[in-house]
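Student: Turn this into a model:
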Amino acid sequence: MLLTNYVQLSLSASDLRGRDVFSKSNPLAVVYTKGKDGSLQELGRTEVAFYSLNPQWFTKIKVTYHFEAVQTVLFRVYDVDTQFHGSEVKTLKLDDQQYLGGCTCTLSEICSNPRGSWTADLVSIAESAESSRPKRLGQLTVHAELELFSKTTAELTFTCSDLENKDFFPKNDCFLVISKCLHGGDTIPICRTEVLKNNLNPQWKPILLNMAQVDSKDSPLIIECFNFNSYGKHDLLG
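Tutor: All right, here's what the predicted structure looks like:
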């Protein structure tokens, strides 16, 4: 009988290649397991990170980790075309999206790392006859954590006052990103609020956080306030 654990994979990318001429890419990551015969089974998809070449996805991918088995995991990143914005992620046809790059590893390479993370170059094999070397298309970082279960949930309400105005007219369009701190010093985003437009004193809708998302009530959180920009480069207010 194989020993198993359930893990959650958190994904982020950096320095992605922009394929859009007038705006940044809208990246989506897809995770597969690869069988011995080369067949692929999709494990899950992240949300679409709009207008970003350095996305940190909020959606976690759940995987069953078999300690004594070699599990090959394949990651692919796509740029979702604007005509599909608003569509459910699971309904997107990947053949209709632009491929930004991919990488492969074993699940044990991620889980056995002391920091619980793994980083690799995203590559796509050049089709030209001039070079058979993979082209670097940015990097993907994967962090693995044991899936925790908790019946305890906290309801948090966030407000800000007298925020610095980054826009001349109208006022800021504000949102919060809540991240948790990891033992190695890294951070993982766990949720974000809605965007409140034209507001320097926002009060967002209550957020429900399960203790399994934050590890424990004593775990430190980082709360960042941003001014939303439609082209993707959000201003950090504090």
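Student: Any buried residues in the longest strand belonging to the chain, and which?
Tutor: For the chain, the strand that runs over the most residues, judged by DSSP state E, is strand 134-146. Buried residues in strand 134-146, counting neighbours by 16 or more other C-beta atoms under 10 Å, are found at 137-145. Where C-beta positions appear, they are placed from N, C-alpha and C, glycine not excepted.
Student: now stretch 53-62
Tutor: With burial defined by 16+ other C-beta under 10 Å, the residues of stretch 53-62 counted as buried are 53-61.
Student: cool, stretch 164-181 as well?
Tutor: Of all the residues in stretch 164-181, those buried under the rule 16+ other C-beta under 10 Å are 166, 171-180.
Student: Among the residues you listed, which ones are in strands?
Tutor: Using DSSP E, the subset of the buried residues of stretch 164-181 located in strands is 174-180.
Student: Take these and write them to JSON lines, including distance to Val77 and pLDDT.
Tutor: Conversion of these to JSON lines gives the following (distance: C-beta to C-beta, whole Å; pLDDT from 0 to 100):
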{"residue": "Cys174", "distance to Val77": "29", "pLDDT": "93"}
{"residue": "Phe175", "distance to Val77": "24", "pLDDT": "95"}
{"residue": "Leu176", "distance to Val77": "26", "pLDDT": "96"}
{"residue": "Val177", "distance to Val77": "21", "pLDDT": "95"}
{"residue": "Ile178", "distance to Val77": "24", "pLDDT": "95"}
{"residue": "Ser179", "distance to Val77": "21", "pLDDT": "94"}
{"residue": "Lys180", "distance to Val77": "24", "pLDDT": "92"}
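Student: Show me where this protein has its strands.
Tutor: Assigned by DSSP E, the chain shows strands spanning 4-14, 27-34, 40-45, 61-66, 72-79, 98-106, 117-125, 134-146, 153-156, 174-181, 187-192, 207-210, 221-227, 235-236.
Student: Out of those, the one nearest Thr91 is which?
Tutor: Taking C-beta to C-beta as the criterion, strand 40-45 is the member of the strands of the chain that comes nearest to Thr91, at 10.4 Å.
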